[in-house]
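K.L.:
Build me a model from this:
(2 chains)
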Amino acid sequence: MKKRKHKLAEIVKIFNLEVISGKEFLKREVSGGYISDLLSDVMANSQKDNIWVTLQGHPNIVAVAKLKELAGIIIINRRKPDGETVKKAHEEGIPIMTSDLPAFELVGKLYESGISGTH
Amino acid sequence: MQSKILLQQNFEIKGGDFINAGESSIKIRNILKDIGIDSDIIRRVAIVAYEAEMNVVMYARHGKMHLYVYSNKILLKIEDRGQGIKDIDLAMQPGYSTATEEMREMGFGAGMGLPNIKKNSDVFNINSTIREGTKLEIKINLNNKNG
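P.N.:
Down below sits the predicted model:
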């Protein structure tokens, strides 16, 4: 795997993601990725400007992404965020994207494209 | 050395309000960012404030978070009225949680909250009375790099 810097917009295009919120922030550059459905784990271990891959769609994911200054959130497996989540994401300026792929496939492809983990 | 208080703010936290959970922590982060606190310190305060706030939302009826910024440290005090903690030593163990099934499905209750708070604090105190509530006091030094 060769490390490459990606902007959110490129990730959206390459992996055919649907952008639910934060269209105006897709110029953000992604520093790497983190995958977890446990919020304390993401709080403890994600890094600034990471793309966060999760199946959670409730409003608290926005608080976590904001507090950790993550680049954005990808919700996997055809899941959609709650209405309240979308509202909060607009307020806080957090890009939320959705993918039809399960976590394993999506993360494999992200990794292949040059986005590495936190280690 | 006598330290000067630069800023003090209080935040109300409503137990059971999962929709607005995290907002007090975001406000604290924004305040610290505005006054130019070092980003590594902000990262630690954000983790501590978030975990403490979520504990109030999950396990108490009501709580207050007090932020004090001194010239040499940040102090967070969190007091709640709620069920309290039966065995603090047990609650401090990574992986131990009393979260409900519903909370776990939302990705809470990993048993990492209090350990994460301790790990990111320079001083951490916890007191709890069963069926009354819990008090946390957290200090994060601002002058780590010089000391």
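K.L.:
tell me the contacts of the residue nearest to A:Lys23 when sequence neighbours are not counted?
P.N.:
Using C-beta to C-beta, 6 or more residues apart in numbering or on different chains and skipping residues adjacent in sequence, the residue nearest A:Lys23 is A:Pro95, 7.5 Å away. Bear in mind the C-beta positions are built from the backbone N, C-alpha and C, glycine included. Neighbouring residues of A:Pro95 by C-beta atoms under 8 Å, 6 or more residues apart in numbering or on different chains: A:Leu8, A:Val19, A:Ser21, A:Gly22, A:Lys23, A:Phe25, A:Leu26, A:Arg28, A:Ala71, A:Gly72, A:Ile73, A:Ala89.
K.L.:
how close does the residue nearest the centre of chain B get to B:Ile28?
P.N.:
Nearest residue to the geometric centre of chain B (C-alpha atoms, centre = their mean): B:Ala52, 3.0 Å. Distance, B:Ala52 to B:Ile28, using C-beta to C-beta, to the nearest Å: 10 Å.
K.L.:
can you list residues touching both of these two?
P.N.:
Common contact partners of B:Ala52 and B:Ile28 (C-beta under 8 Å, 6+ apart): B:Met65, B:Leu76.
K.L.:
Quick one: the helices in chain A, in order.
P.N.:
In chain A, the helices defined using DSSP state H lie at A:8-14, A:39-45, A:60-67, A:83-92, A:103-112.
K.L.:
how many neighbours does whichever residue of chain A sits closest to chain B have?
P.N.:
In chain A, the residue that lies nearest chain B is A:Ala63 (2.6 Å; C-beta to the nearest C-beta). Counted by other C-beta atoms under 10 Å in any protein chain shown, the residues lying close to A:Ala63 total 26.
K.L.:
again with A:Lys7
P.N.:
14.
K.L.:
and the gap between the closest residue to the residue of chain A closest to chain B other than its chain neighbours and B:Glu51?
P.N.:
Using C-beta to C-beta, 6+ apart and skipping residues adjacent in sequence, the residue nearest A:Ala63 is B:Gly22, 2.6 Å away. Using C-beta to C-beta, one obtains 10 Å as the distance from B:Gly22 to B:Glu51.
K.L.:
Same drill for these two, tell me which one is more crowded.
P.N.:
It is B:Gly22, of B:Gly22 and B:Glu51, that has more neighbours when counted by other C-beta under 10 Å, with 29 against 24.
K.L.:
Show the pLDDT at B:Lys77.
P.N.:
pLDDT for B:Lys77: 98.
K.L.:
Grab the most central residue of chain A for me.
P.N.:
Among the residues of chain A, the one closest to the centroid is A:Ile73, at 2.4 Å (C-alpha atoms, centre = their mean).
K.L.:
Isn't that residue up against A:Asn60?
P.N.:
No. The criterion here is C-beta atoms under 8 Å, and A:Ile73 misses it with A:Asn60 at 11.4 Å.
K.L.:
thinking again about what came up before, from memory the residue of chain A closest to chain B sits against B:Phe18, does it?
P.N.:
No. In this structure, A:Ala63 is not within contact of B:Phe18 by C-beta under 8 Å, at 10.3 Å.
K.L.:
what sits against whichever residue of chain B sits closest to chain A?
P.N.:
Ranked by C-beta to the nearest C-beta, the top residue of chain B for proximity to chain A is B:Gly22, at 2.6 Å. Going by C-beta under 8 Å, 6+ apart, B:Gly22 touches A:Asn60, A:Val62, A:Ala63, A:Val64, A:Lys66, A:Leu67, B:Tyr50, B:Glu53, B:Met54.
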